[in-house]
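K.L.:
Here is my input; please provide its structure:
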Amino acid sequence: MHAASAFDLLIWYDRHRRELPWRALAGERADPYRVWLSEIMLQQTTVQAVKPYFAAFLARFPDVQALAAAPSEAVMNAWAGLGYYSRARNLHACAQAVVARHGGRFPDTEAGLRDLPGIGVYTAAAVAAIAFGRVAAAVDGNVERVMSRLHALEAPMPAGRGAVAAHTLAIVPADRPGDFAQALMDLGATICTPRKPACALCPWQAPCRARHAGLQESFPRKVAKKERPQRHGTAFVVLRADQAILLRTRPPKGLLGGMAEVPTSAWTAERGVAEALGARPLPADWLTANTPVRHVFTHFPLELTVLAARVPAMTDAPEGSRFTPLAALGDEPLSTLMRKVIEAGLGTLGEPVRRSG
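P.N.:
Numbering: from 1, shown residues only. Okay, the predicted model is just below:
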């Protein structure tokens, strides 16, 4: 069994590389802003989901200066629907730091990139390698899988990431570190997939220890996940007679931080009827949606009972809330969860569903 060669992988990559909107063409210099933006967007998200967001985001904020100068509400609005909203807050803070500290130019080393808000070990390595040609081990989920199988690494993730990084760094070619990083990502995404990997098409099939043992699908090893407790809550959709809906903004830190939402009760392990009644934002005749809205977060699944009501046009918003015209909902940073809640509430009131931006 011969050792894995970067040369073999790069030959495969030159023939089969994916065309992605943030990826420079062969022979072109990568744009650090596009590389960084795509890497942040791709965390916990698929390539197909990111593509339209990346294009829209780039049209709205074409460079790091434009992003840094934008209001935080505009950034959160552009991000709405991508999930993991702390990424958007960190993205904005990072752009501002690049402009304030570095004159609008990204640092060109892993250490310099790590010093920026929201850039961790993986992102720093990926940007350093792809945008600046630095020798670095960019270890994401795809690379974990490829290298764990290649070397049959028994340490479960995430504890085994150090070994994966060491094995990766050992074969990064000094002349093409960015292409090597992207080749590993492409190999994991298209050939060395979690289930039914296409080993016959893999440029590293010969040196792959897991394949030789017939155990490729059992790597990387993982620790059994803990059961995630179900949470429950009640959401209140209030529609004023002038077609304005009651919204508020979540605190800047924490889950869905800085995003817009309709008022809700606390999200708890038990269905709290008393808590739900106490969380009603206004006195009204409430109607209950036929089915609750369900959404799965990283750490827990959520079920929200949706109550909806109409109120007179002159109704004032409670403190900390605001009425937003339905026609302007596209300008609000609404999460996917809240869009589903609003659709359920409006449907309960017999209002046509408005799918705004």
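
K.L.:
Quickly list the domain ranges of this structure.
P.N.:
Listed by automatic domain parsing, the domain ranges of the chain are 6-218, 231-348.

K.L.:
Break down the protein into its strands, ranges please.
P.N.:
Along the chain, counting by DSSP state E, strands occupy 231-240, 244-249, 260-261, 287-288, 293-296, 301-311, 321-325.

K.L.:
gap between the third one and the chain center?
P.N.:
Which is strand 260-261. With CA atoms, centre = their mean, to the nearest Å as the basis, strand 260-261 stands 18 Å off its chain's centre.

K.L.:
repeat for the second one
P.N.:
Here strand 244-249 shows a centroid-to-chain-centroid distance of 25 Å under the convention CA atoms, centre = their mean.

K.L.:
name the helices or strands packed onto it?
P.N.:
Taking 3 or more CB pairs under 8 Å, 6 or more residues apart in numbering; DSSP states H and E as contact, the helices and strands that strand 244-249 lies on are strand 231-240, strand 260-261, strand 321-325. Glycine gets a C-beta too; all of them are placed from N, C-alpha and C.

K.L.:
Show me what the mean pLDDT comes to for it.
P.N.:
The average pLDDT within strand 244-249 is 95.

K.L.:
what sits up against that strand?
P.N.:
For strand 244-249, the surrounding residues in contact (CB atoms under 8 Å, 6 or more residues apart in numbering) are 236-240, 258-263, 281-282, 317-318, 320-326, 329, 332, 342.

K.L.:
Check the third one too.
P.N.:
Applying CB under 8 Å, 6+ apart, the external contacts of strand 260-261 come out as 235, 247-250, 324, 332-335, 338, 341.

K.L.:
and the two most separated of these?
P.N.:
Farthest apart among those by CB to CB are Ala235 and Pro333. That separation is 16.7 Å.

K.L.:
Could I get the pLDDT score of Asp14?
P.N.:
Here, the pLDDT recorded for Asp14 equals 96.

K.L.:
Surely it touches Gly27?
P.N.:
No: if you go by CB atoms under 8 Å, Asp14 and Gly27 don't touch, sitting 10.9 Å apart.

K.L.:
between these two, which one's more packed in?
P.N.:
Between Asp14 and Gly27, Asp14 has the larger neighbour count (other CB atoms under 10 Å), namely 12 against 5.

K.L.:
ok, the residue lying closest to the more buried one once chain neighbours are set aside - how many residues close by?
P.N.:
Distance criterion CB to CB, 6 or more residues apart in numbering; nearest residue to Asp14, sequence neighbours excluded, is Ala26 at 7.3 Å. For Ala26, the neighbour count with other CB under 10 Å is 9.

K.L.:
what does Pro229 give?
P.N.:
Residues lying near Pro229 (other CB under 10 Å) number 10.

K.L.:
how close does it get to His299?
P.N.:
Using CB to CB, to the nearest Å, Pro229 is found at 9 Å from His299.

K.L.:
can you check Asp285 too?
P.N.:
Relative to His299, Asp285 is positioned 36 Å away (CB to CB).

K.L.:
Out of the helices and strands packed on strand 244-249, indicate the one that is most buried.
P.N.:
strand 231-240 (a mean of 23; mean count of other CB atoms under 10 Å).
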